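Engineer: Below: sequence and its predicted model.
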Amino acid sequence: MVATSPDLTGTGALSPALLRHLSALLLFGVGAVHLYEYMADYYRVIPIIGPLFAANFASAVVLGISLLVPLASIPLVRSLPLIGRAPHALVALGGIVFLLGTIIGLLISEQATLFGFHEYGYRTTVWLALGLESAAVLSLAGYLALETRRIRHRPAGAR
C-alpha cells in the first residue's frame with residue numbers, strides 16, 4: 001500500500017466544492033423546515049417566534065445561495081482586503097454561527113421559554129430540523145477546514 005498526501009487541489013472525495021454545495025442544500029432544507037413550521041404548524045401567529053421562523057427561512061436561503069454563487073468573481077467582494085481572499089469561508093463561518101444559534105434557540109425553548117414560547121416535545125419536524133442543522137454545521141466545518149488548508153498550501157504566487 002502506498003501512502004499518499006492529502007488532496008489539496010479540491011478534486012478528492014471530500015473536496016471543498018462538494019462540501020460547500022452539500023452545505024447549501026442542507027441550509028435550503030433547514031429553511032424549508034422552518035417555512036413549513038411557520039405556515040403549516042401556525043408558528044406565524046406566535047408573537048416574536050413567528051417572525052423569527054420567517055427570518056430563519058430567509059437567512060438559510062440567503063446563506064445557501066451565497067455558498068453557491070461564485071463570490072470571488074464579484075468585483076466588489078474581490079476588492080475588499082479580508083473578504084476578497086476567502087468569501088465562501090466567511091459565509092460558511094456565518095452559517096455555522098446561524099445554525100448553532102438556531103439549535104440553541106430550540107434547546108432553550110424545550111427546557112424553558114424563549115420570548116414567552118415553550119416548545120413541547122420533539123415531533124418529526126423538530127427532529128428533522130435538528131438533523132439538518134447538525135449535518136449542515138458538520139458540513140460547513142469540514143468545508144472550512146479543507147478550505148483553510150487549501151489556502152495555506154497555495155503557492156506564494158497564487159495568493
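Structural biologist: Nice, thanks for sending it over. Numbering: from 1, shown residues only.
Engineer: Find the centremost residue of this structure, please.
Structural biologist: With distances taken as CA atoms, centre = their mean, the residue of the chain nearest its centroid is G95 (3.5 Å).
Engineer: Helices of this structure, start to end?
Structural biologist: 16-39, 49-68, 75-79, 87-111, 124-152 (DSSP state H).
Engineer: and those, which is most packed in?
Structural biologist: helix 16-39 (a mean of 21; mean count of other CB atoms under 10 Å). In short, each C-beta sits where N, CA and C put it, glycine included.
Engineer: For that helix, name the packing helices and strands.
Structural biologist: helix 49-68, helix 87-111, helix 124-152 (3 or more CB pairs under 8 Å, 6 or more residues apart in numbering; DSSP states H and E).
Engineer: I'd like the distance between F28 and A112.
Structural biologist: Distance, F28 to A112, using CB to CB, to the nearest Å: 30 Å.
Engineer: that older thread, would you list the helices and strands packed on helix 16-39 in TSV and tack on mean pLDDT?
Structural biologist: Conversion of the helices and strands packed on helix 16-39 to TSV gives the following (pLDDT from 0 to 100):
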stretch	mean pLDDT
helix 49-68	94
helix 87-111	92
helix 124-152	90
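Engineer: Using CSV, please lay out these together with distance to Y42.
Structural biologist: Shown next, in CSV, are the helices and strands packed on helix 16-39 (distance: least, CB to CB, whole Å):
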stretch, distance to Y42
helix 49-68, 9
helix 87-111, 16
helix 124-152, 12
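Engineer: Among these, single out whichever gets nearest to L35.
Structural biologist: L35 sits nearest to helix 49-68 of all these, at 4.3 Å, using CB to CB.
Engineer: CA atoms only for that closest one, dumped as CSV, please.
Structural biologist: Extracted C-alpha coordinates of helix 49-68, given in CSV (Å, rounded to 0.1, in the frame of the first residue of the first chain):
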residue,chain,number,x,y,z
ILE,A,49,-41.3,33.4,17.4
GLY,A,50,-43.3,33.6,14.2
PRO,A,51,-41.2,36.3,12.6
LEU,A,52,-38.1,34.6,13.8
PHE,A,53,-39.1,31.4,11.9
ALA,A,54,-39.7,33.5,8.8
ALA,A,55,-36.3,35.2,9.3
ASN,A,56,-34.7,31.8,9.8
PHE,A,57,-36.1,30.6,6.4
ALA,A,58,-34.9,33.8,4.7
SER,A,59,-31.4,33.6,6.3
ALA,A,60,-31.0,29.9,5.4
VAL,A,61,-31.9,30.6,1.8
VAL,A,62,-29.6,33.6,1.6
LEU,A,63,-26.7,31.7,3.1
GLY,A,64,-27.3,28.7,0.8
ILE,A,65,-27.4,30.9,-2.3
SER,A,66,-24.2,32.7,-1.1
LEU,A,67,-22.4,29.4,-0.9
LEU,A,68,-23.5,28.5,-4.5
